[in-house]
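In: Sequence first, then the predicted structure:
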Amino acid sequence: MDEMLFRVLEAIAGTPGLDIDGLAKSSHIDRGTLISSVKVLKEEKYVHFTAETEYDVTPTKEGLSYSKWFPEEELLETLHKSGGEIPLSEIKSQIGLIWAKKNGWVEISSGKVKSVGSAANKKYIQREVLDDLLSKNKSRVADAVKTHSDVVKVLESRKLVVVGSTEVISSIQITEKGKDAISGGHHKKGEIAELSREIISRREWVGRGFRKYDINAVVEGVYPARRHPVTEFIDIVRETWLRMGFVEIEGPMVESAFWNFDALFVPQDHPARDKQDTFFLKNPSSIEIDDVELKASIRSMHKKGWEMPWKEGLATQALLRTHSTAATIRHVRKIASSLKKGETARLFSIGRTFRNESIDYKHLAEFYQIDGMIIGDNLGLSNLIHTLSEFYSRLGLVMGKDIHIRPSYFPFVEPGMELYYTPGDGSSVELLGSGVIREEIAKAMGTKKSILAWGGGIDRLLLKSLKVDSIVELYKNNIGWLRNRREIEV
């Protein structure tokens, strides 16, 4: 036993039954040294003690504001007072709506939010657990953390509380083995656990051995800085397209309905343009269309193709883009007319997109999308399939084995197809939609060349590499998972 351990053992023998803080005060040994020494002494059966976990809860400003009512509870109360339904446009808290829908309390139909079942006046488990966590009663806090650990994780993910823990060591007692060690002065001839200047200068190492390193001993983890997996995967995808000869382009996230829908031949009465699918903005509420020539071409294309009036007011509506194709088609307009015969342009973008989705394991209201286009002469589906096959093969996926093609319909392509990832367990996950841009759109953009296009989320593709079951896991920012997650496999 080394000198410090022996000193701590003597302090415990002299004042048995203390906790760490009491022992630190009586022995004048710093707290950190005592904790590590006492644990070593217990492992070697010189002492025993009681260890309990105390939880430290720090509420956020938002968490304190929820101490009485959660926004989803307030929404339910409003619905109760309004006869069970209110217009979607009157919803003040999107957070409340999201959680009420997730809890199965409400449904959205025909532009109205309607209550489902009879959840009103029932105790809400999230509020109950939050009340327990914010109480000053340590046993009540500990019971809440242990009994409702899943709810506590939800409250942490909602950024309402930060929960920390501390191991409390108390009732430290010396054992018979410890008493024998003190009476025999075993520290003088015992093994040296840690070499110090005093041991060397006093030649106390003479005749004593050194404790062997235990390579299996549990040590505190070291977590070097690393990028978020989504950021890391985006860089991998970007590098793949660049190596294939594509040029990256960007576009605004706040977009006009003209570029998001009209320029892509989406009819103005299409369901995707409804508030239930698209986030429209109040400020700015509209974005003017500067390209007068293109505006006239799009107006003509819609009138002829859909046989209905085209309203400029709908086209100028401001929104959060629902796909990054809006950015790509903007760039096509800039360069298409300048491409000479035999010249080809290969474009791609990676950007954040927004849709008013119900949140589940494979849907979020905000996600990253890859989008690409090839402008060239006499291009068709075979060229598109070859390009996508090459891209996915570089990510370790084989067309026809891991990925399958299904014909599909999109307003702006003809023909169109979808690609699905099939992991082999009978399930399938949609990766992207693609096809050949319609001739009338290409003509409106100023070219007679063929345009191949594709677009889809990359988050779902990342699930396969990280072997997680839900997109939500990627964005919960669970520090433990982020530190210990597996490497991205491509």
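Out: Received the coordinates, thanks. Residues are numbered from 1 along each chain as shown.

In: Tell me where the model's unsure across this structure.
Out: Scanning the chain with the threshold set as pLDDT under 70 gives 1-2, 117-122, 184-191, 193, 217-220, 275-276, 357-363, 464, 469, 490.

In: Tell me how it divides into domains.
Out: According to automatic domain parsing, the chain comprises the domains 3-53+165-190, 61-161, 230-253+321-484.

In: With distance to S201 and mean neighbour count added, can I get the ones you listed in CSV?
Out: The way it works is simple: take the backbone N, C-alpha and C, and place the C-beta from them, glycine included. Shown next, in CSV, are the domains of the chain (distance: least, C-beta to C-beta, whole Å; neighbours: other C-beta atoms under 10 Å):
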stretch, distance to S201, mean neighbour count
domain 3-53+165-190, 13, 16
domain 61-161, 47, 16
domain 230-253+321-484, 42, 17
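
In: could these go into CSV alongside distance to G209?
Out: CSV is the format used below for the domains of the chain (distance: least, C-beta to C-beta, whole Å):
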stretch, distance to G209
domain 3-53+165-190, 9
domain 61-161, 43
domain 230-253+321-484, 37
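
In: To I289, which of these lies closest?
Out: Nearest to I289, of all the domains of the chain, is domain 230-253+321-484, at 11.8 Å by C-beta to C-beta.

In: now the end-to-end length of that closest one.
Out: Terminal residues of domain 230-253+321-484 lie 15 Å apart, using C-alpha to C-alpha, to the nearest Å.

In: Going by residue numbers, what spans are helices in the stretch 251-400 of the chain?
Out: 257-260, 292-306, 312-315, 325-335, 381-393 (DSSP state H, counting those that start in this stretch).

In: would you list the ones you listed in TSV and tack on distance to S149?
Out: Listed next are the helices of the stretch 251-400 of the chain as TSV, based on distance: least, C-beta to C-beta, whole Å:
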stretch	distance to S149
helix 257-260	43
helix 292-306	54
helix 312-315	49
helix 325-335	43
helix 381-393	39
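
In: Which one of the ones you listed lies nearest to G400?
Out: Once those are compared by C-beta to C-beta, helix 381-393 is nearest, at 8.5 Å.

In: just checking, what packs against that closest one?
Out: Helix 381-393 makes packing contacts with strand 366-376, strand 413-421, strand 429-437, strand 450-457 when contacts are defined by 3 or more C-beta pairs under 8 Å, 6 or more residues apart in numbering; DSSP states H and E.

In: Centre of the chain to the first one, how far?
Out: What that stands for is strand 366-376. Relative to its chain's centre, strand 366-376 lies at 21 Å (C-alpha atoms, centre = their mean, to the nearest Å).

In: likewise stretch 428-443?
Out: Per C-alpha atoms, centre = their mean, the displacement of stretch 428-443 from the mean C-alpha position of its chain is 28 Å.

In: same check, this time on stretch 92-111
Out: Distance of stretch 92-111 from the chain centroid (C-alpha atoms, centre = their mean) equals 21 Å.

In: Same check on stretch 423-432?
Out: For stretch 423-432, the distance to the chain centre is 21 Å (C-alpha atoms, centre = their mean).

In: Likewise for stretch 209-227?
Out: On the basis of C-alpha atoms, centre = their mean, stretch 209-227 sits 30 Å off its chain's mean C-alpha point.

In: What separates the first and last residues of it, distance-wise?
Out: For stretch 209-227, the end-to-end distance is 45 Å (C-alpha to C-alpha).

In: In JSON lines: the helices and strands packed on helix 381-393, plus distance to S135.
Out: Compiled in JSON lines, the helices and strands packed on helix 381-393 are given as follows (distance: least, C-beta to C-beta, whole Å):
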{"stretch": "strand 366-376", "distance to S135": "35"}
{"stretch": "strand 413-421", "distance to S135": "47"}
{"stretch": "strand 429-437", "distance to S135": "43"}
{"stretch": "strand 450-457", "distance to S135": "42"}
